[in-house]
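Enquirer: Below is the sequence, then the predicted model.
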Amino acid sequence: MSYFLPHLRSAYEVDQAILSEEERVVVVRFGSDTDATCMLMDETLYKVTELVKNFAVIYLVDTVQEVREFNQMYELFDACSVMFFFRNKHIMVDCGTGNNNKITWALEDKQELIDIIETVYRGARKGKGLVVAPKEYSTKWKY
């Protein structure tokens, strides 16, 4: 599904996408288009694109083959990382996992992703740099 979503192919394009958007959250998926985790996340991102278009814009960045400049700056060591920006500011999300900078797993439920993006948007509009996710992700396995 990644071919349906806009790709940013250079560091300049990534910077411009983050800088130019004034009213919506910029959701950037960093990773490889051929990675299985990224494919699952891309499918979910594609499903929610139309539903969140009023308050978020979604981009994909291939950090393996095309844009390697952000790997050190954003510590992109995971196969798939989703980050949120609003008015040129990185918005952190507390999902209960300890890493508030990015989401590093694939969300397969589109309503969960919509809820996170909406929470980021509402918090960022109020000037918050850290928002708490509506669901706790600290335990992956449900007993």
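Expert: Sure, I can see it. Residues are numbered from 1 along each chain as shown.

Enquirer: Is Phe85 in a helix, a strand, or coil?
Expert: Assigned with DSSP: H, G, I helix; E, B strand; the rest coil, Phe85 falls in the strand class.

Enquirer: so it touches Phe30, yeah?
Expert: No - if you go by Cβ atoms under 8 Å, Phe85 and Phe30 don't touch, sitting 11.9 Å apart. All C-beta spots, glycine's among them, are computed from the backbone N, C-alpha and C.

Enquirer: Of the two, which one has the most company?
Expert: Neighbours were counted for Phe85 and for Phe30 using other Cβ atoms under 10 Å; Phe30 has more, 26 against 22.

Enquirer: Name the residues that touch the helix or strand hosting the more buried one?
Expert: Using DSSP states H and E, Phe30 sits in strand 25-31. With contact meaning Cβ atoms under 8 Å, 6 or more residues apart in numbering, strand 25-31 is reached by 8, 14, 17-18, 37-38, 41-42, 45, 55-64, 70, 74, 76, 78-86, 91, 102, 117, 120-121, 124.
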